[in-house]
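Peer 1: Sharing a model that was predicted from the sequence below.
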Amino acid sequence: MTTLVTLLSLLLLGALAQHGSDWTYSDGALDQAHWPTEYPLCGGKRQSPINLQRKKVQYNPLLTALNLTGYEAQGGEFPMINNGHTVQISLPPTMRMTAADGTEYIALQMHFHWGGASSEISGSEHTIDGIRYVTEIHVVHYNSKYSSYDIAKNEPDGLAVLAALIEVKEYTENTYYSDFISHLKNVRYAGQSTVLSGLDIQDMLPANLYYYYSYWGSLTTPPCTENVLWFVLSDTVKLSRAQVWKLENSLLDSHNKTLRNDYRRTQPLNNRVVEANFIYHPEYRHHLGVELQFYLRKINSNVEYLKKYIEQKKAKRKSQD
Ligand SMILES: *[C@@H]1O[C@H](CO)[C@@H](O)[C@H](O)[C@H]1NC(C)=O
Ligand SMILES: *[C@@H]1O[C@H](CO)[C@@H](O)[C@H](O)[C@H]1NC(C)=O
């Protein structure tokens, strides 16, 4: 494993050296406004992230819960690297996500996007009704019908990302993040890597994994390939302010500048539709999807009951005639 990590770091440092003017979020010639000059796909019509405007989201009752397997606590060694843009944890292919249509996706890596520059602490990529959250977590998967990520990443139905938004809950340390956060100091410099022993992704995700938004978009970093099926969870993760502060202040980019605001601005929706498996109602801040299905079933069974009752009455009257 150590050799693997060393090899990964060497590859990464090699890649960094090769692209002297690597892309950035906000500094230099290749900041996000200029990504399309070097990476034309970044100027496409189906880009991510987007603003999720709740009153325009379309309810789709066929979107059942995602089936996440292998997400629970697991032993082993998980390489974690500062790639100069974010901190990224490699995931084992035993982690899988099956979407409502039966398509199975294999996990590859997870990483974060955060803010922290000057007074601005928000740094999520997706926004909800214009609100930017503090941090966003992405679990990147590829379609299991392809033999590897490298093949899938160029296919139109190649990728799926499970995303969750993080909120600050002032003085509440989220102990599920303690191990990850305590390892950040080991990956201070771009290209450095460390190893997490044991991982429980399920605990690092929101408690409610049932409700999500879904739409077709792209990678949010160059080359911005438009082949990503997005699942943005509706529930959020809560971290303490101190934990978020550590995430925002522990890593340096390849120029030894503190890695902050590593998020892409929201992109035009154009003619895409965002779906969700719940109904948003501004007056009820809970999810109506399941309740609605429950009441529809109840109404249907009452209708069935009434039909039978009427049939019986008719039959009785006939027999009396
Ligand atoms: C979830 O997916 C796994 C493997 O992909 C499968 O074995 C299992 O039956 C699925 N569970 C449900 C409830 O569909
Ligand atoms: C960043 O800092 C480290 C440690 O001081 C140093 O070895 C490295 O050369 C620096 N990198 C740059 C790009 O300045």
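Peer 2: Received, thanks. Ligands and ions are numbered 1, 2, ... in the order given.
Peer 1: any idea how far the closest residue to Y146 other than its chain neighbours is from ligand 1?
Peer 2: Counting by C-beta to C-beta, 6 or more residues apart in numbering, Y146 lies nearest to A152, which is 3.8 Å off, once chain neighbours are set aside. From N, CA and C alone the C-beta is placed, and that goes for glycine too. According to C-beta to the nearest ligand atom, to the nearest Å, A152 and ligand 1 sit 17 Å apart.
Peer 1: What of V134?
Peer 2: From V134 to ligand 1 the distance is 31 Å (C-beta to the nearest ligand atom).
Peer 1: For the residue of the stretch 101-250 of the chain found nearest ligand 1, give me its contacts.
Peer 2: Nearest residue of the stretch 101-250 of the chain to ligand 1, counting by C-beta to the nearest ligand atom: E104, 5.4 Å away. Residues in contact with E104 (C-beta atoms under 8 Å, 6 or more residues apart in numbering) are R96, M97, T98, N143, S144.
Peer 1: so how many other residues sit close to whichever residue of the stretch 51-200 of the chain sits closest to ligand 1?
Peer 2: Distance from ligand 1 to each residue of the stretch 51-200 of the chain (C-beta to the nearest ligand atom) is smallest for N67, at 3.7 Å. Neighbour count for N67, taken as other C-beta atoms under 10 Å: 13.
Peer 1: Spell out which residues of this protein are next to ligand 1.
Peer 2: By C-beta under 6 Å from any ligand atom, the part of the chain that sits against ligand 1 consists of N67, T69, R96, T98, E104.
Peer 1: And D157, what's its pLDDT?
Peer 2: Turning to D157, the model gives it a pLDDT of 98.
Peer 1: Correct me if wrong: it contacts H141.
Peer 2: No: with contact defined as C-beta atoms under 8 Å, D157 does not count as touching H141 (11.9 Å).
Peer 1: Tell me which of these two has more neighbours.
Peer 2: A direct count of neighbours by other C-beta under 10 Å for D157 and H141 places H141 higher, at 28 against 15.
Peer 1: so which helix or strand takes in that one?
Peer 2: strand 135-143 (DSSP states H and E).
Peer 1: so what secondary structure elements neighbour that strand?
Peer 2: Packing partners of strand 135-143 (3 or more C-beta pairs under 8 Å, 6 or more residues apart in numbering; DSSP states H and E): strand 96-98, strand 104-114, helix 149-152, strand 159-168.
Peer 1: is the residue of the stretch 51-200 of the chain closest to ligand 1 in a bridge, and if so with what?
Peer 2: T98 (DSSP bridges).
Peer 1: same check, this time on V140
Peer 2: Beta-bridge partners, per DSSP bridges, of V140: Q109, V161.
Peer 1: Quick one: low-confidence residue ranges for this protein.
Peer 2: 1-21, 119-120, 281-298, 300-301 (pLDDT under 70).
Peer 1: Give me the domain ranges for it.
Peer 2: Taking automatic domain parsing as the domain assignment, the ranges for the chain are 2-288, 293-321.
Peer 1: Need the winner for burial among those domains.
Peer 2: Most buried of the domains of the chain by mean neighbour count (mean count of other C-beta atoms under 10 Å) is domain 2-288; its value is a mean of 17.
Peer 1: Could you give the separation of that one from the chain centroid?
Peer 2: The chain centre lies 5 Å from the centre of domain 2-288; the measure is C-alpha atoms, centre = their mean, to the nearest Å.
Peer 1: And the helices in the stretch 1-150 of the chain?
Peer 2: Counting by DSSP state H, counting those that start in this stretch, the stretch 1-150 of the chain has helices at residues 2-18, 35-38, 149-152.
Peer 1: measure the most centrally placed residue in the chain to K314 for me?
Peer 2: The centroid of the chain falls nearest to A163 when counting by C-alpha atoms, centre = their mean (1.1 Å). Computed as C-beta to C-beta, to the nearest Å, the A163 to K314 distance reads 56 Å.
Peer 1: Equivalent analysis for Y71, please.
Peer 2: 55 Å.
Peer 1: Same question for P93.
Peer 2: From P93 to K314 the distance is 62 Å (C-beta to C-beta).
Peer 1: Kindly report the same for R265.
Peer 2: 66 Å.
Peer 1: Let me know whether Q243 touches T172 as I believe.
Peer 2: No: applying C-beta under 8 Å as the test, Q243 and T172 come out as separate, 9.2 Å apart.
Peer 1: contacting residues around P206?
Peer 2: The neighbours of P206, taking C-beta under 8 Å, 6+ apart as the test, are A164, L233, D235, T236, V237.
Peer 1: Name the nearest residue to it, sequence neighbours excluded.
Peer 2: P206's closest residue in space is D235 (C-beta to C-beta, 6+ apart), at 3.6 Å.
Peer 1: what's the following helix or strand after the host helix or strand of that neighbour?
Peer 2: Using DSSP H and E, D235 sits within strand 228-239. Sequence order places helix 241-249 as the next helix or strand after strand 228-239, per DSSP H and E.
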